[in-house]
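Undergrad: kindly return the folded structure for what I paste below:
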Amino acid sequence: MPSVVLMKIAVIPAAGKGTRLGRVGVALPKALVPIGGRPAIDHIFEMLREAAVEQVILIVGYKKEQLTSYVDNGSDFGLKVAYVTQRDPRGTAHALLEAEGFVDEDFLCLLGDTLLFPRNILKTLSQFHAARKPAATLLVKTLDDVRGHGVIEPDGEKVKKVVEKPNRGEEPSNLAIVGCYAFSPKIFKAAREISPNPRSGEMELTDAIQRLIDSGEDVLHLRFEGTYIDTGKMEQILSADRVLRGFDIFNGRSMKIRLDRVPMKGQKTVAPLFTGPTLESALTVLQKGESTGGHKHSDAEEIYIFLEGEALMQTGNDKHNVKSGDVVVIVPGDFHKVSNVGNVPVSFVAVYPASPLREYK
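TA: Modelled structure (predicted):
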């Protein structure tokens, strides 16, 4: 029996603005939001490498300069990365069409706000699709509430129908698409043939998939029993961060931090997370009574994502009580300082410009 050739190309739509991430989504592209001490895109690249992907087409848009500067040509991640700019975002199917000129074979597609564990699920999906050769294979997971997802109506291995964000009581099943697909190039023709969805006004990828089904093409599904994380939601980012910081599971350019292995400097711990040409990030842990040094950046915003504990944060002339889950964006030129005024450690991730234009006092 001939061996199955895995797909070598992946398309990653990552052009959208993180509207569900509040102020952190305004300041950063979703793919650079730190999760488990790493930008989200690092986790995605690790999944792709596990699946033997070689070429990545990264569809960029919002704050694209930050993302392209960090990723560069992909060599630091063991991948070849090319960029396509989605200048006028009009939905996931529209984003996929932007990559059509780069793809002439079957490929993986992973939405830029999707993380899946264990990582080898992409390899499993690639093998499943390559062995059966349908027009599309959708990765699905049983969820208690599927209303915020594309939902399938299964018929054995096949998909009979796809519904995007169904209303309560109208769900065709409890099997939700988890932002991961394998496609043949036939998906591009289907995407060109659809109209904007009347519900959203956008060209939805689920509509393009339904177009494949309606035209007689085989669309299959593969069930996923692992962990699915939607990095477009702050509550899932915080939950994932707490879990992932405890495991040594990544080996890319950025450092994976284990707090019990970071040397303490007095009562304060500062551990670098990632460094790029335009951005840097660090995890800080303050013990009771400790504070950061007050400083300001003159050239760009700085973002603080609080993970654990409660603290007092001074920004300019104002003082704020902050706690786990809070995000604070510091405007250029504002001095700021964090103090642990509670009885338990305070931890936060800071993302800041990689430049010398910083003053302390």
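
Undergrad: by mean pLDDT, which helix or strand of the chain comes out lowest?
TA: Taking all helices and strands of the chain together, the one with the lowest average confidence (mean pLDDT, DSSP states H and E) is strand 358-360, at a mean of 48.

Undergrad: tell me who's in contact with residue 213.
TA: By C-beta atoms under 8 Å, 6 or more residues apart in numbering, residue 213 lies in contact with 159, 160, 161, 162, 219. Every C-beta, even on glycine, is put in place using the N, C-alpha and C of the backbone.

Undergrad: farthest-apart pair in those residues, please.
TA: Of all pairs drawn from these, the greatest distance, 9.7 Å, lies between 161 and 219 (C-beta to C-beta).

Undergrad: and these two? which has more neighbours close in?
TA: Comparing residue 161 with residue 219 by neighbour count (other C-beta atoms under 10 Å), the higher total belongs to residue 219, at 23 against 17.

Undergrad: wait, what's in contact with that one?
TA: Residues near residue 219 by C-beta under 8 Å, 6+ apart: 134, 135, 136, 137, 138, 158, 159, 162, 209, 212, 213.

Undergrad: quick one: which of these is nearest to residue 92?
TA: The shortest distance between residue 92 and any of these, using C-beta to C-beta, involves residue 209 and amounts to 10.4 Å.

Undergrad: would you say that closest one is within a strand?
TA: No - with the criterion set as DSSP: H, G, I helix; E, B strand; the rest coil, the secondary structure at residue 209 is helix rather than a strand.

Undergrad: neighbours of it, how many?
TA: For residue 209, the count of nearby residues is 29 (other C-beta under 10 Å).

Undergrad: surely it meets residue 140?
TA: No - counting by C-beta atoms under 8 Å, no contact exists between residue 209 and residue 140, whose distance comes to 11.9 Å.

Undergrad: find the residue at the geometric middle of the chain.
TA: In the chain, the C-alpha closest to the average C-alpha coordinate belongs to residue 113, at a distance of 3.2 Å (C-alpha atoms, centre = their mean).

Undergrad: tell me which entries of the contacts of residue 213 lie within helices.
TA: The helices in this structure, assigned by DSSP state H, contain none of these.

Undergrad: may I see these organised as a markdown table, with pLDDT added?
TA: Written out in a markdown table, the entries for these read as follows (pLDDT from 0 to 100):
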| residue | pLDDT |
| --- | --- |
| 159 | 98 |
| 160 | 97 |
| 161 | 97 |
| 162 | 97 |
| 219 | 98 |
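
Undergrad: now intersect the residues you listed with the strands, please.
TA: Those of those mapping onto strands are 159, 160, 161, 162, 219, per DSSP state E.

Undergrad: tell me where the stretch 151-300 of the chain has helices.
TA: For the stretch 151-300 of the chain, the helices identified by DSSP state H, counting those that start in this stretch occupy 186-193, 205-214, 234-244, in order along the chain.

Undergrad: for these, which has the smallest mean pLDDT value?
TA: For those, the stretch scoring lowest in mean pLDDT is helix 234-244; its value is a mean of 54.

Undergrad: now do the strands in the stretch 101-250 of the chain.
TA: Counting by DSSP state E, counting those that start in this stretch, one finds strands in the stretch 101-250 of the chain at the ranges 107-110, 114-117, 136-142, 150-155, 158-164, 175-183, 219-223, 227-230.

Undergrad: and residue 128, what does it touch?
TA: Residue 128 is in contact with 137, 182, 220, 222, counting by C-beta under 8 Å, 6+ apart.

Undergrad: now, among those residues, which is nearest to residue 15?
TA: residue 182 (21.0 Å).

Undergrad: tell me the contacts of that closest one?
TA: With C-beta under 8 Å, 6+ apart as the criterion, the residues that contact residue 182 are 7, 106, 107, 108, 109, 125, 126, 128, 129, 136, 137.
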